[in-house]
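Undergrad: Need a 3D model of the sequence below.
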Amino acid sequence: MTPDVWTDAALARLQAAGYKAIEVDQSVLPGARAMRRSNLRLRWFFTRLHTFVVFVTVDHVTGPDLSAIADLAAEWAKRVKGGLPIGLQTGVAMIPVIVTSSVDDAAQAAALAKPRKRFATMAFPMIVDPVRLFVATYSRTVAWGAAYMDFLADQQRIIVGTDDAPVLATQGSRAFVRLYNLLLPVLGLGALAGVVTYFSG
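TA: Residues are numbered from 1 along each chain as shown. The predicted structure is shown next:
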């Protein structure tokens, strides 16, 4: 399967899942194609998460290439997301998908490494080789984004087109996710009590 055919199929899967196409600034990410969605959920404490998926096709990807694409994509997404400023019940999730048939060791290591923490922004780059059906991305849970891990893992599965892909939260401990799910009702009641107290006082 060629990179273009694979990317077209991934874009179609995302559109079927509720994503909408968005134009990418070609001066920032030449040749990139992107989709986006926006969700507001109770389990995220009414935080709105703007999720972007950006596809970039390259002949060969290196470690610096992957880092640069992830950084540029994350900054672009923050500029175009709209709505409230990030941090005010608003966050950005960026999934840069680098489609290639040639990956060096540094790029693969960078894709598998724990992503760096960003303010109200998460970036989880993926490398996909559609010929070898190879996927490289961080596959553990990050504590600072535990609330979103299952959702973002589902988005990565849509991208890849299979339920058994090595995506977020599929390796190692899920302790933070389980703890969050256990504490969610208590935290929710606490937040509700705070709102009631504020408006009744």
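
Undergrad: now the end-to-end length of stretch 142-149.
TA: With C-alpha to C-alpha, to the nearest Å applied, stretch 142-149 spans 8 Å between its terminal residues.

Undergrad: Now do that stretch: distance to the chain's middle.
TA: 11 Å (C-alpha atoms, centre = their mean, to the nearest Å).

Undergrad: What are the boundaries of the helices in the chain?
TA: 3-16, 63-80, 105-112, 149-160, 175-200 (DSSP state H).

Undergrad: what's the closest of those to Leu42?
TA: When the helices of the chain are compared by C-beta to C-beta, helix 175-200 sits nearest Leu42, at 7.4 Å. The C-beta positions use only the backbone N, C-alpha and C, and glycine is treated the same way.

Undergrad: State the mean pLDDT of the closest one.
TA: The average pLDDT within helix 175-200 is 63.

Undergrad: With stretch 82-92 instead?
TA: 88.

Undergrad: and that stretch, how far out from the chain's middle?
TA: That offset, for stretch 82-92, works out to 15 Å (C-alpha atoms, centre = their mean).

Undergrad: Buried residues, it. List them.
TA: 86, 90-92 (16 or more other C-beta atoms under 10 Å).

Undergrad: rewinding a little: how about CSV for the helices of the chain, with distance to Tyr138 and mean neighbour count added?
TA: Compiled in CSV, these are given as follows (distance: least, C-beta to C-beta, whole Å; neighbours: other C-beta atoms under 10 Å):
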stretch, distance to Tyr138, mean neighbour count
helix 3-16, 19, 16
helix 63-80, 11, 19
helix 105-112, 6, 17
helix 149-160, 10, 20
helix 175-200, 14, 11
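
Undergrad: pLDDT score assigned to Leu29?
TA: Leu29 is given a pLDDT of 92.

Undergrad: That one contacts Leu72, doesn't it?
TA: Yes - assessed by C-beta atoms under 8 Å, Leu29 is found in contact with Leu72 at 5.7 Å.

Undergrad: one step back: save the helices of the chain as a markdown table, and put in distance to Arg48 too.
TA: Below are the helices of the chain laid out as a markdown table (distance: least, C-beta to C-beta, whole Å):
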| stretch | distance to Arg48 |
| --- | --- |
| helix 3-16 | 19 |
| helix 63-80 | 14 |
| helix 105-112 | 27 |
| helix 149-160 | 13 |
| helix 175-200 | 16 |
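
Undergrad: out of these, which comes closest to Arg36?
TA: The nearest among these, by C-beta to C-beta, is helix 63-80 at 7.9 Å.

Undergrad: could I have the closest one exported to PDB, CA atoms only?
TA: Coordinates of each C-alpha in helix 63-80 appear next as PDB, following Å, rounded to 0.1, in the frame of the first residue of the first chain:
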ATOM      1  CA  GLY A  63      15.000  11.800  15.200                       C
ATOM      2  CA  PRO A  64      15.200  15.600  14.600                       C
ATOM      3  CA  ASP A  65      12.600  15.300  11.800                       C
ATOM      4  CA  LEU A  66      10.100  13.700  14.200                       C
ATOM      5  CA  SER A  67      10.700  16.300  17.000                       C
ATOM      6  CA  ALA A  68      10.400  19.200  14.600                       C
ATOM      7  CA  ILE A  69       7.200  17.900  13.100                       C
ATOM      8  CA  ALA A  70       5.600  17.300  16.500                       C
ATOM      9  CA  ASP A  71       6.600  20.800  17.700                       C
ATOM     10  CA  LEU A  72       5.400  22.600  14.600                       C
ATOM     11  CA  ALA A  73       2.100  20.600  14.600                       C
ATOM     12  CA  ALA A  74       1.500  21.300  18.200                       C
ATOM     13  CA  GLU A  75       2.100  25.100  17.900                       C
ATOM     14  CA  TRP A  76       0.000  25.300  14.700                       C
ATOM     15  CA  ALA A  77      -2.900  23.400  16.500                       C
ATOM     16  CA  LYS A  78      -2.800  25.800  19.400                       C
ATOM     17  CA  ARG A  79      -3.100  28.800  17.000                       C
ATOM     18  CA  VAL A  80      -6.000  27.500  15.000                       C
END
